[in-house]
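# give me coordinates for this.
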Amino acid sequence: MRAGPRNLITDVPGLLVGNAADHHIKTGATVLTADRPFLASVDVMGGSPGARETELLAPDKLVEDIDALVLSGGSAFGLDSASGVVDALRLQGRGFAVNGTTVPIVPAAIVFDLSNGGDKSWTRNPYAELGRLALEAAGPDFALGTHGAGTGALTANLKGGLGSASLVLPSGHTVGAVVVANPTGSVTMGDNPHFWAAPFEVDDEFGGLGSYPGPLSFEDTARSKRDGTKAIANTTIAIVATDAILTKAQLKRFAVAAQDGIARGASPAHTPVDGDLIFSVSTRARPLGPDAVDSIRLGHAAAVCLSRAIARAIYLAQPAPGDKVPTWSERWGSSQG
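The predicted structure follows:
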């Protein structure tokens, strides 16, 4: 497998990503946009999702041109991140033209990060401003770990974060993923530094440790958040993207296939207390081949990229004052040096 030059979702030409964070609150927002409108769909497999304008992404709905996607912390408060992005895009003249104005289309999804030790005593919702700042920061390069919507993320045993990864397929298509890894489950194999995503690692991007060599008990595979975090303090949300020309129906299947990446990157996954949601994006730049092989490989690549992005999010998380759990580097980094 070969990653793109940045090993980020922005290896898909035309895509841009920006982050904004408030480290006092321990939260943030991440915005994906592009140099022109793009096609999008969505799939939800978690039992506790939080989202905005996802129904219009269904294959039978009219809207096709999307201006941005937002991933945010903040639970229901974080949905306001999209409002900041909509306002800013409107000022740029972006969006659906109607009656002398434009209406930007900006679906969004959130994670629960209200129990991570940050100060949540704000008197005015901060998320619209975080969304606007993330849009302003959008570019081809962006930081991973404790940044953007991953700033306040947690896993069952470690600090979570923002991750991304990409692949260039033999067909020439590029696939990428960006994820806020905040699952109720664990991304490491039991009480060990080895990542569930290890079989799919590219170029030692999360330490090159491989899979845990010993047996794992059922309890090792079922670790979930407890002791100091609430049962609903969960969710993995992501965007997978490709330059392949796809229909909305094909994009829906692309998102469905990518859900396997959450299950490969975190255990357990898709639980009643997770809101696992994946947006899928096509920049409609490169035709598919005449048979089904390219389409099958696109879905597989999306799942592979997403599992790697989850591991990278935790591997690259940085410690901060007030953290409730350690980062991977604090827990195991020195022992691996």
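# C-alpha from now on. contacts and neighbour counts both.
Noted.
# what lies in contact with whatever helix or strand D243 lives in?
When elements are assigned from DSSP states H and E, D243 belongs to strand 236-244. Under the contact criterion Cα atoms under 8 Å, 6 or more residues apart in numbering, strand 236-244 has outside partners 9, 12-13, 71, 109-111, 173-183, 255, 258, 262, 274-288, 298, 302, 306.
# what are the boundaries of the strands in the chain?
15-22, 27-44, 51-52, 66-72, 96-98, 101-103, 108-110, 161-168, 174-181, 236-244, 277-286 (DSSP state E).
# show me what the second one is packed against.
Translated: strand 27-44. With contacts defined as 3 or more Cα pairs under 8 Å, 6 or more residues apart in numbering; DSSP states H and E, strand 27-44 has these neighbours: strand 15-22, strand 66-72, helix 127-136, helix 248-265, strand 277-286.
# same thing with the shortest one?
Contact partners of strand 51-52 among helices and strands, from 3+ Cα pairs under 8 Å, 6+ apart: strand 108-110.
# and the strand it packs on, which strands flank it?
Its sheet considered, strand 108-110 pairs with strand 51-52 (antiparallel), strand 66-72 (parallel) by DSSP bridges.
# pLDDT averaged over the longest one - what is it?
If I follow you right, that is strand 66-72. For strand 66-72, the mean per-residue pLDDT is 98.
# stretch 86-99 now?
Averaging pLDDT along stretch 86-99 yields 92.
# span of it from start to end?
Terminal residues of stretch 86-99 are spaced 17 Å apart (Cα to Cα, to the nearest Å).
# could you do stretch 137-146 as well?
So stretch 137-146: terminal residues 16 Å apart, Cα to Cα.
# ok, now stretch 90-107?
This stretch, stretch 90-107, spans 15 Å end to end (Cα to Cα).
# hmm, who's touching it?
With Cα under 8 Å, 6+ apart, stretch 90-107 has contacts from 51-54, 65-70, 82, 85-86, 89.
# show me where pLDDT drops low in the stretch 201-337 of the chain?
Low-confidence segments of the stretch 201-337 of the chain (pLDDT under 70): 226-232, 334-337.
# pull up the pairing partners for the strand holding D243, direction included.
Strand pairing (DSSP bridges) places strand 236-244 next to strand 174-181 (antiparallel), strand 277-286 (parallel).
# got a markdown table for these, with distance to N125 and mean neighbour count too?
Conversion of the strands paired with strand 236-244 to a markdown table gives the following (distance: least, Cα to Cα, whole Å; neighbours: other Cα atoms under 10 Å):
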| stretch | distance to N125 | mean neighbour count |
| --- | --- | --- |
| strand 174-181 | 21 | 33 |
| strand 277-286 | 24 | 24 |
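# got CSV for those strands, with distance to G163 too?
Listed next are the strands paired with strand 236-244 as CSV, based on distance: least, Cα to Cα, whole Å:
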stretch, distance to G163
strand 174-181, 5
strand 277-286, 14
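# can you tell which of those strands is closest to M1?
strand 174-181 (11.8 Å; Cα to Cα).
# what is the mean pLDDT for the closest one?
Rounded mean pLDDT across strand 174-181 is 98.
# helix 248-265 and that strand, what's the angle between them?
On the basis of axes from the mean of the first three to the mean of the last three Cα atoms, to 10 degrees, strand 174-181 is oriented at 50 degrees to helix 248-265.
# roughly how far does the nearest residue in space to T10 that is not next to it in sequence sit from P5?
Distances taken as Cα to Cα, 6 or more residues apart in numbering put P140 closest to T10, at 5.4 Å, once the chain neighbours are dropped. P140 sits 11 Å away from P5, going by Cα to Cα.
# find residues that contact each of the two.
Shared contacts of P140 and P5, defined by Cα under 8 Å, 6+ apart, comprise D11.
# so what's the residue nearest to T10 up against?
T10, D11, L15, L16, V17.
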